[in-house]
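> okay, predicted coordinates and the sequence, questions at the end:
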There are 4 protein chains.
Amino acid sequence: MDFAFDDKTLELTERLTAFLEERVYPAESRLELNADWSTPAVIRELRQEARARGLWNLFIELPNLQYAPLAELTGRSILLAPAALNCAAPDTGNMELLAQFGDEAQRERWLEPLLAGEIRSAFAMTEPEVASSDATNIETRIERVGDSYVVNGRKWYITGAMNPDCKVFIVMGQTDPQADVRHRQSMILVPRDTPGVTVKRAMTVFGYEDRDHGGHAEVLFEDVRVPAANLIGEPGSGFAIAQARLGPGRIHHCMRAIGVAERALELMCRRVGERTAFGKPLAAQGVVQDWIAESRVRIEQARLLVLKAAWLMDTVGNRGAHTEIQAIKIVVPQTVEWILDKAVQAHGAAGVSQDTPLAQLWAGLRTLRLADGPDEVHRRSLARRELAKYRK
Amino acid sequence: MDFAFDDKTLELTERLTAFLEERVYPAESRLELNADWSTPAVIRELRQEARARGLWNLFIELPNLQYAPLAELTGRSILLAPAALNCAAPDTGNMELLAQFGDEAQRERWLEPLLAGEIRSAFAMTEPEVASSDATNIETRIERVGDSYVVNGRKWYITGAMNPDCKVFIVMGQTDPQADVRHRQSMILVPRDTPGVTVKRAMTVFGYEDRDHGGHAEVLFEDVRVPAANLIGEPGSGFAIAQARLGPGRIHHCMRAIGVAERALELMCRRVGERTAFGKPLAAQGVVQDWIAESRVRIEQARLLVLKAAWLMDTVGNRGAHTEIQAIKIVVPQTVEWILDKAVQAHGAAGVSQDTPLAQLWAGLRTLRLADGPDEVHRRSLARRELAKYRK
Amino acid sequence: MDFAFDDKTLELTERLTAFLEERVYPAESRLELNADWSTPAVIRELRQEARARGLWNLFIELPNLQYAPLAELTGRSILLAPAALNCAAPDTGNMELLAQFGDEAQRERWLEPLLAGEIRSAFAMTEPEVASSDATNIETRIERVGDSYVVNGRKWYITGAMNPDCKVFIVMGQTDPQADVRHRQSMILVPRDTPGVTVKRAMTVFGYEDRDHGGHAEVLFEDVRVPAANLIGEPGSGFAIAQARLGPGRIHHCMRAIGVAERALELMCRRVGERTAFGKPLAAQGVVQDWIAESRVRIEQARLLVLKAAWLMDTVGNRGAHTEIQAIKIVVPQTVEWILDKAVQAHGAAGVSQDTPLAQLWAGLRTLRLADGPDEVHRRSLARRELAKYRK
Amino acid sequence: MDFAFDDKTLELTERLTAFLEERVYPAESRLELNADWSTPAVIRELRQEARARGLWNLFIELPNLQYAPLAELTGRSILLAPAALNCAAPDTGNMELLAQFGDEAQRERWLEPLLAGEIRSAFAMTEPEVASSDATNIETRIERVGDSYVVNGRKWYITGAMNPDCKVFIVMGQTDPQADVRHRQSMILVPRDTPGVTVKRAMTVFGYEDRDHGGHAEVLFEDVRVPAANLIGEPGSGFAIAQARLGPGRIHHCMRAIGVAERALELMCRRVGERTAFGKPLAAQGVVQDWIAESRVRIEQARLLVLKAAWLMDTVGNRGAHTEIQAIKIVVPQTVEWILDKAVQAHGAAGVSQDTPLAQLWAGLRTLRLADGPDEVHRRSLARRELAKYRK
């Protein structure tokens, strides 16, 4: 057992830190959103620079354990850095999915331009009408008609889909409603410009449109016809692919969230050192100190569990890391949300405003308690595995 | 001791409930916001109707104990009902302030049209540069120059000020920086159209503009000259007036917040009865039931404390109710925030979206943990009074 | 609605406070436990004095709303005062049960001496082998044989039963295992000296024997034969009687628990005023102040809910007060436990020791989260009633 | 970075597990306490066996990172296993102190027999009259008189001191009250049989005497005269030695506490699989599953932080591990206390009784939130270091 990072990780950490300090943090105040939801100019610039510095597609080039501390660092500037490195959700998960389950034609057509950063993508799973945390509830139909599949359904909270650069949706839906519950669903590639696809409206998250990374769209699929070759893997493999995709996606979210927490703690410490109330700096007040200590203790614990989950994924595979991935999916969002809440409180009105990043970060983290299945689903599943250890 | 409401309260409760069911709830989906921040048409309609039904200015006509259950009911539709009854913050607090501390001319000029619902008003206390929870920190200057006062300062989160109907600001600032700490500040009436007043921008609250009720503005006062007669009360009385204003304001917020909680609990119960995951309705799942029970228990407790505080204000005065007002200011926002969080979680993605009121309600409640002084200030003050009981 | 106590309550409060200050608090340090578990001498003395002062059997003489603040006061010295006033569990519940469901002979034989304070009693429901929170699980058999009933079963945590003055057990068991689930059980009076009754051992509660009030016994019933006339009410009425008994018992526990909390808060405030660490008194430290404020806020809320439940029991009956009784059963123990935990922490090692009452009080309160059904059962039941409001 | 244990650790883990399963767990029900507080026979037996199996004094033979998982395992049977391996507090800390700061004569006289398991020892620091978490408050006097020191003071909660095998006290007290605050205190060895030493009474912990490991004594030192050579290190070095001793002591407590948590979780899982209420096993109830998931997630996090602290102690020293040691001192006791609380609740009355180890374990863990300085002191200190990072 060894808690030291290896040399490569240290070197990349140093390089990424330099990039953040020289280019990313200074760019934060220059972020301007576009009326057409397209990628902001400042992000385009940073993408070029990151690529030039060899900080591109790290999520796919590195083992999880080496990627983890780098992903954490990008979380410190989460609106800019992950996109700058071509390491932003949902593209990362989609690229991994295509790399693992796409056939050669699919990889050539979609994975290549994604890796090159020429297009973006979306993952269309969640539906407004059903509890989508139970994937067997998904109602969208993907029907085979001759050489095509015809897609009908309504999806929402399709992250990134408002961005016109988002050229393709990976859609989950039922190909065989009569099959057993785990083989009903398939995934299919639907180009954005296919007739019948309507990006209907932008959903908000606690008032935020998240316009910087393409928002969260409601998307209608009405008699959308695509070639049968667009189906990913075998018909009926959608549930299994979803399971495979979500694990790595979750750990990426958690890695970045640790960086969010570190940034929030830094902002909180700086703020309370600057403000005075009732005759002493906020930093000298016991309750504020309590928040800071608790934040540090929680971050340290959460980070180690994320790193261990990453190590397990690298050494025994995603399946072997199942409990740990679920554990971080449960604990990291609530931990970081708690820290953000305290950082907001320490900032007073500024904390809930557009003048600090805290409120928007909070909204993002709060959503992670729901996205990819609410905590409650993961907690129940984890408990059952624990209980099974003692069943005779 | 008697926990039954009196006949008048019951009659008004019934009348208000009818108004809510017949007119307000159905109007919720018709709320449309105006580009110029002016009062939405649907609210204008409801105001006429409420007045016709004798549901107008109840906050000033009734003792607190009778008003409390009515204010709670308005909280059930908090974007519409308080405004409809001319019982919305910050106007209520401002009207009470003018009724109590304004001179005859001030009351005629400003209180009358406020009571008549012809104009709206704002309370300009919080400043971006200082911890405003400690009122002695307020830096805005109000200088006597001949027959005028000249106001210079920067305020923000001035609720309602984006609405062009908001015709007057009650501004807090230093008239005598050399005076002892509790006599430095005064309050002064500044008409919106006075030269030097700039409503600079709308501040957001977790991404929300709160455009329905006039938002939260940053307002600049640059060499703003108003007649000396605009000063409210004696020079140096600002701190005392603020104390007197904030108590009733806080209890109004708390009364309405109980209604918010009841609405959230109702939405949660309805939702979990409709959705099914993993083979059973959410309503049958133990963790969801736990949220519901906890919500009910917390609401019952919080409501009783609000009612007791109201009763104390009526019987022994605001000063005598100091501890209880502080107690509800501490406990009600956090309680209702907790319930809203669970209601959001039970709704999944819909809970964070614009399709339910929950996320916006959450943002409003979260802010109450900061507004009028963060919880921490009130907790410390309450603790000191408790400790003083045992000091020899 | 009126939050003032009536004159009678105020007079009794004053009289009881005088008794506590003059006789009970000074006696606390004189409490000596007897090797044979009999009532300590100091409690015997106080019982005489309480009776002389007209402070005897108040639980049965007063409506709940008048009794509540008095019961709270006895909670301030919970090892002595409830017993002194003949208002201690489980005798109070047993007396109420006999008054309501006992026939004339049963009342004469057992209720009279209990009211006179000549004997004590126990309530034998909980069994070690089953989850007794679900009363239908109770396995003890009560079989009719001729003119007798024969009792066989094992009970534990039978409070008071170690005290030799405890002359009678009210035993719950199955008279008809074939009957529907709510009519299987009956209650029967079993005199302590009946052959086949074995008081086997004293159960502990977090290390405490609770010897002052007769401890908590494991009791074996082996072929215990009692006259059929000892059955309380009709055969099969045990479940219904248990429901009727437990409601008032629960509110008594909660009333007293509020007094425990007040005492703990007083001890905490005094302690932190006396100790200094790192250059300032504990009372000046923010985290300690936070505990004190939170304690006060929680006590005020919990007390009001207890009082409202009492008022409902008096005005609409125990059934009408069901939700509120359940709510206080849920919230009061956890609230007071939380306060005791902080009081312990503020006392350092003294807090966990025998030199303050705090640790023992904590153990008692912790147990209330389990006794009469664990919180979880009550929460589920309360949630279901809430959900039923919205079921179509 | 590598989360795998090395071969030596794995081998020892296996050997220790075998010892626990073959000898220790079966012995738990045979633990009988002695009236004179001497070491129970079953512990004496196990000590012989552990030594024979090469499981002796592991705390001093192994680096912290190798010792950690073994110490955790001993926590699974915390009344027996640490003592069996001669790895129990306070002896471990005392042995390390003597090894590091004792001179040759002191090591020969006291360290040798401690390592051989022939005697036990106590650490006498805490005083009843002052907040001992601030070591500068310690009032016991150690005065130089000729060739001797004379000790006067009152100590309490001196763990192990009731056991007659406890032959020596390491006493902390003031040698120079005029010195600056960090050089007033010294430590001195006081043999138990020195005239003037009175072991006055056994202090309890939530009703427990902890008789198995020698309890917690109040000890009076009245004109106790010992040779000047008994002083450990230089006069005035007491504060520094205390700091050095407490770090390793704290991590040992935390390592074992993780084992306590694992045992509690196992007991909880087994119990809820066996009991049924309201028609389904407790294990199928959502709230219970929630406890289990939360327990697992918290244990995983806490363990990793303990391991990292151990690794830091081994690689950069106790000083470099200061933050992490403080972090685990804060988080581990509260985490394990929380898990024990849920395990108690899942067991119903059995959970608070002497029939499961849970209540006693709870009491021990609760005390760790106070021992070696209450959480609040450590939180404040940790916060200050965090804040110092951002101070200009």
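Cool, the structure landed.
> where does the stretch 151-300 of chain A dip in pLDDT?
Low-confidence segments of the stretch 151-300 of chain A (pLDDT under 70): none present.
> show me which residues of it are close to chain D?
A:265-266, A:269-270, A:272-273, A:283, A:286, A:288-290, A:292-294, A:296-298, A:300 (CB under 8 Å from any CB of the partner chain). For glycine as for every other residue, the C-beta is placed from the backbone atoms N, C-alpha and C.
> in helices only, show me these.
Among those, the members falling in helices (DSSP state H) are A:265-266, A:269-270, A:272-273, A:286, A:288-290, A:292-294, A:296-298, A:300.
> which of those residues are close to chain C?
With CB under 8 Å from any CB as the criterion, those include A:Gly286, A:Val288, A:Gln289, A:Asp290 near chain C.
> ok, the third one to A:Arg120 distance?
When distance is defined by CB to CB, to the nearest Å, A:Gln289 is 43 Å away from A:Arg120.
> ok, the second one next?
Shown here: A:Val288 relative to A:Arg120, a distance of 41 Å by CB to CB.
> doesn't A:Arg366 lie inside a helix?
Yes. Counting by DSSP: H, G, I helix; E, B strand; the rest coil, A:Arg366 falls inside a helix.
> per-residue confidence for it?
Predicted confidence (pLDDT) for A:Arg366: 97.
> which residue sits closest to it, ignoring its sequence neighbours?
Closest residue to A:Arg366 apart from its sequence neighbours, by CB to CB, 6 or more residues apart in numbering or on different chains: A:Glu337 at 5.7 Å.
> so that neighbour touches A:Leu370, yeah?
No. Taking contacts as CB atoms under 8 Å, A:Glu337 lies outside contact range of A:Leu370: 11.5 Å.
> how about the stretch 151-300 of chain A: which residue is closest to chain C?
Residue nearest to chain C within the stretch 151-300 of chain A (CB to the nearest CB): A:Gly286, separated by 2.5 Å.
> show the buried residues in the residues of the stretch 151-300 of chain A next to chain D.
For these, a neighbour count by 16 or more other CB atoms under 10 Å in any protein chain shown gives the buried set as A:265, A:269-270, A:272-273, A:283, A:286, A:288-290, A:292-294, A:296-298, A:300.
> ok, and which of those reach chain B?
Counting by CB under 8 Å from any CB, A:Val288 from these sit close to chain B.
> quick check, A:Val181 in contact with A:Thr136.
Yes. Using CB under 8 Å, A:Val181 is in contact with A:Thr136, at 4.6 Å.
> stretch A:120-135: how far from the chain's middle?
Put simply, stretch A:120-135 sits 14 Å off its chain's centre (CA atoms, centre = their mean, to the nearest Å).
> err, stretch A:71-88, not the other one
Stretch A:71-88 sits 11 Å away from the centroid of its parent chain (CA atoms, centre = their mean).
> kindly report the same for stretch A:251-263.
10 Å.
> for the residue of the stretch 151-300 of chain A closest to chain C, give me its contacts.
The contact partners of A:Gly286, taken as CB atoms under 8 Å, 6 or more residues apart in numbering or on different chains, are C:Gln285, C:Gly286, C:Val287, C:Val288, C:Gln289, C:Asp290, D:Arg380.
> distance of the spatially closest residue to it that is not a sequence neighbour relative to A:Asp290?
Computed as CB to CB, 6+ apart, the closest residue to A:Gly286 that is not its neighbour in sequence is C:Gly286, at 2.5 Å. Look at C:Gly286 and A:Asp290: by CB to CB, they are 8 Å apart.
> same question, A:Pro82
Distance of A:Pro82 to A:Asp290, computed by CB to CB: 32 Å.
> how about the strands in chain A?
With DSSP state E as the criterion, chain A has strands at A:120-124, A:141-145, A:148-159, A:166-174, A:185-191, A:197-203, A:216-227, A:231-232, A:276-277, A:280-281.
> ok, A:Phe3 - contacts?
D:Met1, D:Leu307, D:Lys308, D:Trp311, D:Leu312.
> just the buried ones from the residues you listed, in ChimeraX syntax?
Buried residues among the contacts of A:Phe3 (16+ other CB under 10 Å), as a ChimeraX selection:
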select /D:1,307,308,311,312
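> excluding chain neighbours, give the residue nearest to the closest residue to chain B within the stretch 201-350 of chain A in space.
Closest to chain B within the stretch 201-350 of chain A is A:Gly207: 2.7 Å, counting by CB to the nearest CB. Among residues not flanking A:Gly207 along the chain, B:Gly207 sits closest, at 2.7 Å (CB to CB, 6+ apart).
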